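Novice: sequence first, predicted coordinates after that:
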Amino acid sequence: MKNIFLFGECMIELMTTSQEKSSKTMKQSFAGDVFNTAVYLKRTFADLNVHLVTAVGEDQFSLDMINYFTSENIGVNFVYKSATKIPGLYSIQLDEQGERSFSYWRENSAARQVMQHINDDAISELSKGDMFFFSGISLAVIEPEARDDFWTLIDKLKAGGVQIVFDPNYRPRLWSNAKEAQVQFELALQKSDLSLPGVDDFEQLFGMISAEEVNEYCQQFGVNELVIKNGEQGILVVVNGETTKFDITPVENVVDTTSAGDSFNGVYLGSRINGHSVADSIALASKAAGFVIQHKGAIVDKQAYKQFIVS
């Protein structure tokens, strides 16, 4: 059975239960781009071993979070516990069009120090995996002084034959400035075998406004497989130099766009590592993302999702 490791942060999520500005009631859950990706990957491809690589605390929220990972059949052998830190927290507010705004509290997040827990034994185990996924948020969250150790980890995994996957997922507020993010993103692209950039990420960070511009820029890094997402304008895929454009059918009943890209990523990666074609993987991943954005929250009801995805 193939093993996929996803490196990043899961947070405590608080979401308003009403779009009325006077509403003070919030629903608590757990979410985060890498965790969301892991959930939809595992729910769609139960035959794959999916593991999170992260750190939490020893508080009740952390214990509940680990139990939640387990309930989703996600491996927790690389979920480390910090004696002094706790999980990060964020809240989501939705406007009348379903678009989100966020507030974050992650200064004391255990995930920022996850690299302190990854020793030679852990690297040896991670090197036995088939795929290692991380995002721009993963990079931004870990302490800057730990990034050299992270890149050493990536180099060792890549040398061991592990497929390296990067989703840029740019969040400006997590970086001290754009230049810092640009340097780290370029390193990530140099080391990646597969990348899933969004045009909106590159527009914010590099001023690029089309999938073709993003593709042209990324070619210098030698990424084998590029999946460039551009919302309703479609998806541009480049595999070993061959470019294909895929149209997307827009979803009319958008409720909440949280986790649209994450669900797409998880399903696409699971499909590809199982040997399916790019076209079939794009179709299934788009189907999953289209379902997720018709529901509130990052993680939709498990049974409803499973019934939909097999239909």
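Specialist: All right, it came through fine. Predicted model only: the values in this text are computed from it and were never measured. Numbers count the residues shown, from 1 in each chain.
Novice: where does Ser281 fall, secondary structure wise?
Specialist: Take DSSP states H and E as the rule and Ser281 turns out to sit in helix 278-292.
Novice: tell me which stretches of the stretch 101-250 of the chain form helices.
Specialist: 120-126, 136-141, 147-159, 178-191, 199-206, 211-218 (DSSP state H, counting those that start in this stretch).
Novice: average model confidence for the helix holding Ser281?
Specialist: In this model, helix 278-292 has a mean pLDDT of 95.
Novice: what packs against whatever helix or strand comes next after it?
Specialist: From helix 278-292 onward toward the C-terminus, using DSSP H and E, the following helix or strand is helix 302-309. Counting by 3 or more C-beta pairs under 8 Å, 6 or more residues apart in numbering; DSSP states H and E, the packing neighbours recorded for helix 302-309 are helix 33-44, helix 278-292. C-beta here means a position set from N, CA and C on the backbone, and glycine is covered the same way.
Novice: which one of these is the most hemmed in?
Specialist: Compared across the helices and strands packed on helix 302-309, helix 33-44 shows the largest average neighbour count, a mean of 27 (mean count of other C-beta atoms under 10 Å).
Novice: so for that helix, mean pLDDT?
Specialist: 97.
Novice: how about whatever helix or strand comes next after that helix: buried residues?
Specialist: Scanning forward in sequence from helix 33-44 by DSSP H and E, the next helix or strand is strand 49-56. For strand 49-56, a neighbour-count test (16 or more other C-beta atoms under 10 Å) marks Val50, His51, Leu52, Val53, Thr54, Ala55, Val56 as buried.
Novice: cool, and stretch 211-224?
Specialist: Neighbour count says stretch 211-224 has Ala211, Glu213, Val214, Asn215, Cys218, Phe221, Val223 buried, by 16+ other C-beta under 10 Å.
Novice: got these as JSON lines, with distance to Gln204 columns?
Specialist: JSON lines is the format used below for those (distance: C-beta to C-beta, whole Å):
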{"residue": "Ala211", "distance to Gln204": "15"}
{"residue": "Glu213", "distance to Gln204": "13"}
{"residue": "Val214", "distance to Gln204": "12"}
{"residue": "Asn215", "distance to Gln204": "17"}
{"residue": "Cys218", "distance to Gln204": "16"}
{"residue": "Phe221", "distance to Gln204": "19"}
{"residue": "Val223", "distance to Gln204": "20"}
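Novice: now those as JSON lines including distance to Val300 and pLDDT?
Specialist: Listed next are the buried residues of stretch 211-224 as JSON lines, based on distance: C-beta to C-beta, whole Å; pLDDT from 0 to 100:
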{"residue": "Ala211", "distance to Val300": "27", "pLDDT": "96"}
{"residue": "Glu213", "distance to Val300": "33", "pLDDT": "96"}
{"residue": "Val214", "distance to Val300": "29", "pLDDT": "97"}
{"residue": "Asn215", "distance to Val300": "31", "pLDDT": "96"}
{"residue": "Cys218", "distance to Val300": "31", "pLDDT": "96"}
{"residue": "Phe221", "distance to Val300": "34", "pLDDT": "96"}
{"residue": "Val223", "distance to Val300": "30", "pLDDT": "96"}
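Novice: out of those residues, which is nearest to Phe202?
Specialist: Val214 (4.8 Å; C-beta to C-beta).
Novice: test my guess that the closest one contacts Ser195.
Specialist: No: look at Val214 against Ser195 with C-beta atoms under 8 Å: they stay out of range, at 9.9 Å.
Novice: about what we covered before: how far off centre is the helix holding Ser281?
Specialist: Centroid separation between helix 278-292 and its chain, computed with C-alpha atoms, centre = their mean, to the nearest Å, is 16 Å.
Novice: and the contacts of it?
Specialist: 40, 44, 227, 235, 237, 239, 244, 246, 248-249, 251, 259-261, 263-268, 271-272, 276, 300, 305, 308-309 (C-beta atoms under 8 Å, 6 or more residues apart in numbering).
Novice: count the neighbours of Met115 for me.
Specialist: By the criterion of other C-beta atoms under 10 Å, Met115 has 18 neighbours.
Novice: much appreciated, bye for now.
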